[in-house]
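Trainee: for reference, the sequence and a predicted model appear below.
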Amino acid sequence: MTRIKRNFRMLTLLAAGSLLAACSEQHRTECFDEQDSAATSLVGAWHAPTFAEPDNSKTLSGTPAQNLKTIFEATGPSIITSIGRMGNIDDPYYITDDQYYEISEFTTNLVKGKTSQTEQYREIFRWIVSNVKYGQSDPDPYSVFTKKKCVCQGYANLLSVMCHTQGIPTVVVNGYGWGMGHAWAYTCTDGKWEVSDPTNSGSFPMSNVGDYSHLDPSEADVDLFADDCATYRYFNFQINVHEVKSTSSTLVVPYSVGGFVITSFNPYTLPESITDIYLGENITTLGETYNMTLTTSNLGKNVRAIHIDEDNESLASHKGIVYRKNGNDEQLYYIPGGMESIELKPMEVVEKNTIYNHANVKQIYFPEGTKRFESSAIENCPKLERVYIPEGADFNKSEVLYNCPGNVEIIYGAPSSVKHVTM
């Protein structure tokens with residue numbers, strides 16, 4: 001069980017008002033249910049952040065191929081119980097029962113007389129390489145099976161399905177081959193893992209990493225580990241929280257799972273009940289813009305605050321907002337979508353779409369040190385009521401506020417000594 005550590009901090013007052021009473025101490029474990037979690041999200045509240053403590057788990061530190069090899073050696077092939085995303089009707093690679101049955105009948109006849117999984121795999125691999133041609137086409141496995149034409153994703157998808165029909169554990173992986181986006185598979189036959197790249201007619205024992213060093217897997221389409229809190233996958237080269245199962249209001253992300261340090265929190269699902277998230281010093285990323293799921297309009301629309309352990313070397317939090325550390329600088333990373341009050345750190349220039357599409361925010365506070373606001377710096381905030389900005393800041397309401405209520409109050413100066421300006 002991951003240990004828990006606690007730090008006490010005080011959030012400063014955003015607007016005039018008295019401090020809330022201190023939260024009472026409770027026994028907490030990962031994914032605990034704290035009924036008084038609202039107190040941790042209100043400005044002016046004492047709160048007791050609870051973070052998972054470091055343990056003796058392994059941090060992935062090799063090449064991508066070495067890291068995935070280490071993971072699969074630790075988990076074994078028993079984790080592969082399905083064909084992955086292709087079994088989800090919402091996925092573009094979906095395969096129907098009838099299509100699966102047709103491929104199964106063909107594959108069974110193809111491998112007839114082959115008595116071992118290794119022999120069956122070799123025959124399936126040989127058939128795909130010999131019969132499927134490279135070219136732009138749908139990547140779903142049935143289309144590849146019937147049209148015999150596809151790009152790398154289709155090769156991997158069809159291999160996965162054909163192997164699955166014979167009970168051969170296979171998982172599709174995505175990443176980079178020779179520096180370009182690529183898809184291939186890992187297959188386990190007779191207890192031994194094989195790295196299978198039918199697109200390029202390559203099949204290598206997983207143990208011989210040097211033979212396939214040109215392949216850098218970034219994600220694997222299989223749940224590696226699971227506990228009461230979540231399921232975990234290899235995603236963006238890291239152990240990532242994939243599907244959050246806890247339905248409490250407060251989520252404390254564990255430090256490790258299955259002997260490996262969890263370094264990414266970029267979930268595929270997040271229950272709407274979760275309002276406060278606590279990330280320890282182990283979490284280094286919430287994802288990049290192109291694949292970040294914790295957004296204001298998606299999974300994070302009800303999250304009111306994310307708290308980061310002060311020992312975290314990659315991330316920091318300020319009033320529930322997440323920043324990325326870059327040397328001595330901290331760059332704005334994520335503003336939770338459930339926030340009603342936003343208080344940012346000083347920034348000389350508030351760029352376009354700094355606060356964008358926040359459906360719940362009512363007031364925004366820009367502290368001293370904020371000097372200039374670009375056009376559309378605040379956009380699509382339908383409940384916005386007031387904005388606090390420093391005296392002398394370059395601020396043009398009609399340009400800075402885009403698609404926000406027309407009666408937003410602009411207040412120059414700190415909330416404790418404000419003067420109201422009608423604009």
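Mentor: Yep, that arrived.
Trainee: and the residue nearest to residue 301 when sequence neighbours are not counted, what's its pLDDT?
Mentor: In space, and not counting its chain neighbours, residue 301 is closest to residue 337: 4.1 Å by C-beta to C-beta, 6 or more residues apart in numbering. For every residue, glycine as well, the C-beta is placed using N, CA and C. Predicted confidence (pLDDT) for residue 337: 95.
Trainee: phi first, then psi, for residue 337.
Mentor: Reported as degrees, to the nearest 10, the phi and psi values for residue 337 are phi -70, psi -20.
Trainee: thought it was touching residue 293?
Mentor: No: contact between residue 337 and residue 293 fails when scored by C-beta atoms under 8 Å: they sit 11.9 Å apart.
Trainee: so which of these two has more stuff around it?
Mentor: residue 337 (21 against 15; other C-beta atoms under 10 Å).
Trainee: ok, the residue nearest to residue 301 to residue 248 distance?
Mentor: Remark: distance between residue 337 and residue 248 (C-beta to C-beta, to the nearest Å) = 19 Å.
Trainee: for the protein, give me the ranges with low pLDDT.
Mentor: Residues of the chain meeting the criterion pLDDT under 70: 1-49, 85-93, 414-423.
Trainee: in it, what residue sits furthest out from the centroid?
Mentor: Here the chain reaches farthest from its C-alpha mean at residue 113, the gap being 44.5 Å by C-alpha atoms, centre = their mean.
Trainee: residue contacts, it?
Mentor: Counting by C-beta atoms under 8 Å, 6 or more residues apart in numbering, residue 113 touches no other residue.
Trainee: surely residue 213 meets residue 65?
Mentor: Yes: between residue 213 and residue 65 there is a contact under C-beta under 8 Å: 6.3 Å.
Trainee: okay, these two: which has more neighbours?
Mentor: Between residue 213 and residue 65, residue 65 has the larger neighbour count (other C-beta under 10 Å), namely 21 against 13.
Trainee: tell me which residues of the strand or helix carrying that one come out buried.
Mentor: Here residue 65, judged by DSSP states H and E, is contained in helix 64-75. In terms of neighbour count (16 or more other C-beta atoms under 10 Å), helix 64-75 has its buried residues at 64, 65, 67, 68, 69, 70, 71, 72, 75.
Trainee: distance of the first one from residue 203?
Mentor: If I follow you right, that is residue 64. 19 Å.
Trainee: same thing with the last one?
Mentor: Noted for residue 75: a distance of 21 Å to residue 203, by C-beta to C-beta.
Trainee: domain parsing of the protein, as residue ranges.
Mentor: 1-55+239-336, 81-220, 340-423 (automatic domain parsing).
Trainee: how many neighbours does the closest residue in space to residue 193 that isn't next to it in sequence have?
Mentor: Nearest in space to residue 193, with sequence neighbours left out and distances taken as C-beta to C-beta, 6+ apart, is residue 206 at 3.6 Å. For residue 206, the neighbour count with other C-beta under 10 Å is 20.
Trainee: same check, this time on residue 348
Mentor: Counted with other C-beta under 10 Å, the neighbours of residue 348 add up to 8.
Trainee: contacting residues for it?
Mentor: Counted by C-beta under 8 Å, 6+ apart, residue 348 has contacts 369, 370, 371, 372.
Trainee: on that earlier part again, turn the buried residues of helix 64-75 into TSV, including distance to residue 301.
Mentor: Formatted as TSV, the buried residues of helix 64-75 follow (distance: C-beta to C-beta, whole Å):
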residue	distance to residue 301
64	33
65	37
67	33
68	33
69	38
70	36
71	32
72	35
75	33
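Trainee: the helix or strand where residue 184 lies: which residues count as buried?
Mentor: Element membership of residue 184, judged by DSSP H and E, is strand 180-189. When burial is assessed from 16+ other C-beta under 10 Å, strand 180-189 yields the following buried residues: 182, 183, 184, 185, 186, 187, 188, 189.
Trainee: ok, the residues you listed vs residue 169, which is closest?
Mentor: Distance to residue 169, by C-beta to C-beta, is smallest for residue 188 among these, at 4.5 Å.
Trainee: which ones are touching the nearest residue to that closest one once chain neighbours are set aside?
Mentor: Closest residue to residue 188 apart from its sequence neighbours, by C-beta to C-beta, 6+ apart: residue 77 at 3.7 Å. Applying C-beta under 8 Å, 6+ apart to residue 77 gives the contacts 169, 188, 191, 193.
Trainee: inside strands: which ones of those?
Mentor: Counting by DSSP state E, the part of these found in strands is 188, 193.
Trainee: just want the most central residue of this protein.
Mentor: residue 266 (1.3 Å).
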